[in-house]
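*Asks:* Give me the fold of what follows.
(chains A, B and C)
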Amino acid sequence: MTQRAGSVLTQLRYRYFPDHLIGEILTKRWIDNAIPFLALLVAIVVFGILLPGFLTLNGLSDLGRQFAEFGLIVLGLTIVMISGGIDLSVASVYTLAVLLSLICVNVEGWPVGLSFLAVMALGVVCGSINGYLIGYLRLRAFLTTLVTLIIFRSVYDIVFLRTSTAIISSLSDSDLWTFIGEGTVLGVPFTLVVTAVIAIAWHIVLSRTRPGWRLTAVGGARRSAYNAGIKVRRTVCAAYIWSSVLSALAGFLFAARIGSTGADTGVGLEVSALTAAVLGGNSLGGGRGSVAKAVMGALLVLIVTDSLTSFGVSGPINSTVLGCVLIAAVFVDMRFLRNRDRWLSKVYVSPAYLSLPPPPSALDPTSPYALNDKLRSVEVIGLGQIEGPEDVILDRDDNLYCGTRHGDIVRFFGPDHSRHEVFAHIGGHPLGMAFDRKGDLLVCIGGMGLYAVAPDKTVTKLTDETNRSWLSVVDDSRLRLADDVDVAPDGRIYFSEATVRYEQEDWATDALESRGNGRIVCYDPRTSATRTIIHKIVFANGVCMSRDKQSFFFAESWTCAIKRYHFDGPKAGRVETLIDNLPGYPDNINRASDGCYWAALLGMRTPALDLALTMPDFRRRMAKRVAPELWLYPNINTGCVIKFDDQGRIVESLWDLGGVNHPMITSMREHKGYLYLGGVSNNRIGRYKIPDADPNWTGQDDYWGQAQ
Amino acid sequence: MKLRMVLAVALGLVFAGGALAEDKGLDNHAKRDPYYEKLKGKKVLFVPLAMGFDLTEGWAAIMRRQAKDLGYTFEIRDPNWSTDAGTRAITDAIAQKPDLLIVHNPDLQSYAKLEQRAVQAGIKVLQVNLETVNPTDSYVGADWVKVGLIEAQALVDHCGKGSGKSGKVAILEGQPTAASNLYELYAYSHVFADHPEIQVVADQAATYDPAKARAITETVLQQHPDLCGIVGNWDNQDVGAGAAVQAAGKSGQVFIVTSGGGSKTGCDNITKGLLSEIVSYDVPLQGDALNQAIVELLLSPAKAGAVQTTYFTPLTLQTKDTISPRQCWTLDDLK
Amino acid sequence: MIGALKRAYAAFRGFDDETGSAPMMDGPLRPNALLDAAPVALSLADVDNLTQHRGALLCSSGSRLLGLAPQGTSLTASDGGAFEQPVTFVAPGPSDSLAIGLDGRGVLILEGPHAGKAIAGAGGQPLCSPTAGLFVDADRLIVANGAEGRTATDWKRDLMERGATGSLWLIDLSTPGKTATQLGKNLAFPTGLAHAADGRVHVSEAWLHRILAFKKEAMSAPQAVLSDLPAYPGRIAPARDGGFWLALFAPRNQLVEFVLREDDYRRRMIDTVDPDFWIAPALSSGVSFLEPIQGGARKKLNMLKPWSPSWSYGLVAKCGPTMQPLRSFHSRADGAIHGVTSCCEFDGKLYVAAKGSGRIVAVDLADTGAHDP
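*Replies:* Residues are numbered from 1 along each chain as shown, chains lettered A, B, ... in the order given. Purely as a prediction, here's the structure:
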């Protein structure tokens, strides 16, 4: 009793709580930015409440001015980090730039423009030194920039001592200089505008242009980038130059704002900048980073340190907090982000609750499923010549077509099928097939969509996308696993997509999940429109037109059911369950010559898995803790073909117990008295002589009438 | 007769009672009430160079004591030696609109504009001991030129004409752009210009860091073993120089003069022979002066920046012969 | 406490802690196909305990005893008696003694000085799963009782219920049923016994995948002489060179280890599913399509890969005198000599009884150099 109550609870919880969304959201590319963004929001809200002046115009404007300088440095460092390096010397270059700006403007009295050029030149020189040593001489980035950090700093100390009196005693009265330091553009600090423009420019460079892509490529995999023809050394060198130039610009802006410098200027800035860059989500390992991340990280660090100072937190503690944040960010970067894919693949799997009644026994000799070995003695076609004929089909000339996992459609020439040729090469694994009225072969290609191959071997893509559902987090407009196809009398093409959450090679993970991830899609060749018509099918599989010309059957594999959808007639738009509680998982469905329908059972149900389907938590833990090779699977080592009539009664079943010839039967096609058998992981096609079948019956005639 | 006696006594008692109920002396409401009322609830912010060393801790202790006593708030924003953090702290402080901002300036420029902005925002600014080029409502602290003159003169007395010494001296600067540094440098050059026998063999910045001071001094001593004197910016920095001199075994030879807040530590350094002479600007005295300035500024009806005052705190000389326990303060004395 | 934290951390990270992972078959236990390569000497359903008695081979099969005579490369069987219950062990001893275990009943002395005696219990409890017997001398017999209140045939249930109620008894045959000394208790299914070189007795503790050494005289704290086996150890037979032949009757499997920690699922599986179709080790597998399969056990291009995970396996390990494994004989996932429950070195050959596959194979020791690894 309590167990049942528990199972009802489990059922409700798994029906209404969208576990799968967590994994889907975490898989999104923008999730990288979402975490620092959330942290930023939290920081803004928390400090906004705690600090009265924080969110005022004045407070924001001050933050903006500080950000203008700090953000540029973090951006520079980010560029270097994306290229796979690190630049500790940013702080010293910045300090030197502050000093040079003050000497130029205050002491020498140069025009602001000339001073600016001088400072930029300084940035280029410093960056070139780093870039040459690291990019061309291949020195270690960390040590090299640590050394230049010290050298540039020493230069500063020496020059500063000589010029300190001059800097203090002569002030510039340039309006432009004052404007750079204190001016606003439409209420926004000028320096912030400068930084914003630069940040947007860099965003475009990094995300939309070749140099940006090259930079990312070099950081991601230096060797591969080199092999791809990218000038790695030049790219690395350029990254350091840009980093120093941006730091120098930051120094120039600081000089204009403060008008002075001191022995402490820029001390420890490299740590703050590094913290910001890593906190924003830029990877220390290179290859992953963006302007948005740099901006968010810089803001976060500024807000935290500013706020701590405002709270009266003493300096050393403030530095300690920053250090801890850096360690935490680096830890996240190392442990979480690097193993993200592996970790995500585990979180992504979110099993659903699925309760199946006890299966009908195949051991009972009176059952329509009674075991037999009829299929063990079938003839074998193309043994070892093909791999993975998921579906088979025959044309009016007795030629036999099947797909292979190498992306070919192979044609065996009738009537003996001893010779074969590659009929068409499409690239993806061809799955379900059907002939339309014209004799074009329609093929579902796993991972690619719906294609048509004309008798003259021309391949046409019919569709590879459908309408995007509003509430779907995963992009369900792309066709991931088009599975089986059939054509309505009016030419509309209905095909199934097994799952929108997994690629073809991960179909078993979808079985573990047993969630309504599949759908039936309709492609109308008259309008070339593609629309999803049935959602939430638990692994949509075989599709076969009923002879009533207004409905079709489809297999819902993991629920072990065959259903019927009415596309026309009085029940149009309705789905009915025709057969449920099959002893195995139905795959393709095709017509039989006696008015019935064949369905392949790709594997058999096992009590252990049936039980596990009612325990989603158990399966989730299994997915996390046990290697996929060791997961509990549907037993697909035993194949079976069943025949059912229009009312859903099982008429007959054909077995190959133990799966000697056909471990997994995914498809069967009747043609002139024979049944041809395909299996997605087989290396052969089977041919079974059907006793008492019409020796002249073909699918084409049945669908489209006698050939003219 | 008897009746008159009784009456007289009774009357006397009545008068006496009346006299008891009446005030003797004056309440001074007119002055006391506005004084205490006005001070209550005022907000004072202090941005030091950093906390954790004798000067700022000393001032803060004294200022905090009075704040507690008079009921205004006194808060510290510690930028921990970072000018950048200091500018943030001040901009932040401006946003918080305190009644008085007390600033300890790292150099003559950095905070100058910000202080101007604070004044424009109606916040009175009191600069303490280290000023900027722009005067604000008040400056309380040492007259650095005078400090420099005293120091330089001490060196001249010790190493100059008639002393029989080499006349070689080294200058240990503090933070190159700080008020103390630049004003003292002026004083040195001014004095040494009149004494050509004084030869400045080194002039480097130790940036308040005793380790740096020690390193610089070690180098100078190697190049000039006959060094006669060192003039430094700050006692806490120049103990490093003293240590280097002692390590070189030239304690008697090299005369080290510097300035400081007159704390017990400074006195101890003189006793230990690390320093020869400290020009003390007497932190407890400065603290009292600050407190007085704080009250004046908080009570004054004048607008921020309208009146600019300067108070140069008195200087005392500390040498081995003059120091006594009374002159040397510890933080506990001030709390 | 620390263990619980470790487990919680492992669960959080999604990795398995040490207790939950089956070790690899590696080193001396590196997989090969030597059992499949050996000639089949006899096909005999349910063949179980193979042993040597009075200079001839003897084996049990279900509730029968069979004498085996070599004829060329094969064996011919002759009837040696039938019993009401399955024979759980056959133990020869000095003075031509012979004892057998009867499932659910106890021990029966067939031959020797005490012939005819039946021992139904020891220390007040019934010997309902007598999994192994070992004569110390003609009058004393050590008996391993696999689990309390459960027959030996029901071993899978004991494993999946994480049973640890097995015991080890020293029985004085001169006063059967009266003088029994308990040598060990709370054992997780003891399945094999052998005399150790140091005078102690080696006991395989199946569910904890290890071999223990006990004193023969009285209760003692056992010492693990071999642990972390990649399969469940069963009977131990002496080798001619002083070492041992260890039959490992079923493989450990990561999924089984996982299910062993999933109490809820395990409970419901035991309650509702036929034991043949459990997620559990087995003596043979691939018989019914109702058996669960694992991802790696799918046939690809009509082939089952030898390295596929499987519920059953064939494994015999040659161990040295101190039980350290020296080499091994395997029948892998695609093999047909699964569920090896005993082996016996006889006449230069190692006869291996695969109960799961119902076969006896003869490994020619001269060929394979089994004695000199």
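
*Asks:* How confident was the prediction at whatever residue of the stretch 251-373 of chain C ends up closest to chain B?
*Replies:* In the stretch 251-373 of chain C, the residue found nearest to chain B is C:R261; the distance is 52.2 Å by C-beta to the nearest C-beta. C-beta: built from backbone N, CA, C; applies to glycine. In the predicted model, C:R261 carries a pLDDT score of 91.

*Asks:* gap between it and C:M160?
*Replies:* Between C:R261 and C:M160 the distance is 12 Å, computed by C-beta to C-beta, to the nearest Å.

*Asks:* And for C:R30?
*Replies:* With distances defined as C-beta to C-beta, the gap from C:R30 to C:M160 amounts to 29 Å.

*Asks:* hang on, the earlier thing: run a quick neighbour tally on the residue of the stretch 251-373 of chain C closest to chain B.
*Replies:* The burial count assigned to C:R261 is 17, neighbours taken as other C-beta atoms under 10 Å in any protein chain shown.

*Asks:* how much space between it and chain A?
*Replies:* Here C:R261 is placed at a distance of 9 Å from chain A (C-beta to the nearest C-beta, to the nearest Å).

*Asks:* Torsion angles phi and psi at residue 330?
*Replies:* You didn't say which chain, so I picked chain A. Note on A:V330: backbone dihedrals following degrees, to the nearest 10 are phi -70, psi -40.

*Asks:* hm, I was asking about chain B
*Replies:* According to degrees, to the nearest 10, the main-chain angles of B:T330 amount to phi -120, psi 160.

*Asks:* Do you know the pLDDT at it?
*Replies:* What the model reports for B:T330 is a pLDDT of 88.

*Asks:* so who does A:R515 touch?
*Replies:* The neighbours of A:R515, taking C-beta atoms under 8 Å, 6 or more residues apart in numbering or on different chains as the test, are A:H20, A:S350, A:P351, A:A352, A:R501, A:V538.

*Asks:* Shouldn't the second one be within a helix?
*Replies:* Okay, so that is A:S350. No - when DSSP: H, G, I helix; E, B strand; the rest coil is applied, A:S350 is found to be coil, with no helix at that position.

*Asks:* what's the burial count for it?
*Replies:* The number of residues packed around A:S350, counting by other C-beta under 10 Å, is 22.

*Asks:* which residues sit in contact with it?
*Replies:* A:D19, A:H20, A:I22, A:G23, A:E513, A:R515, A:P616, A:R620.

*Asks:* One more: C:A41?
*Replies:* Shown here is C:A41, whose contacts under the criterion C-beta under 8 Å, 6+ apart are C:P70, C:T73, C:S74, C:L75, C:Y351, C:I360, C:V361, C:A362.

*Asks:* Extract the C-alpha trace of the host helix or strand of it and format it as PDB.
*Replies:* Assigned by DSSP states H and E, C:A41 falls within strand C:40-43. Extracted as PDB, the C-alpha positions of strand C:40-43 are listed here (Å, rounded to 0.1, in the frame of the first residue of the first chain):
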ATOM      1  CA  VAL C  40      35.600 -30.800 -23.600                       C
ATOM      2  CA  ALA C  41      36.000 -34.000 -21.700                       C
ATOM      3  CA  LEU C  42      32.400 -34.500 -20.900                       C
ATOM      4  CA  SER C  43      29.100 -32.700 -21.300                       C
END
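
*Asks:* low-scoring pLDDT stretches of the stretch 1-150 of chain B, where are they?
*Replies:* Scanning the stretch 1-150 of chain B for pLDDT under 70 picks out the ranges B:1-23.
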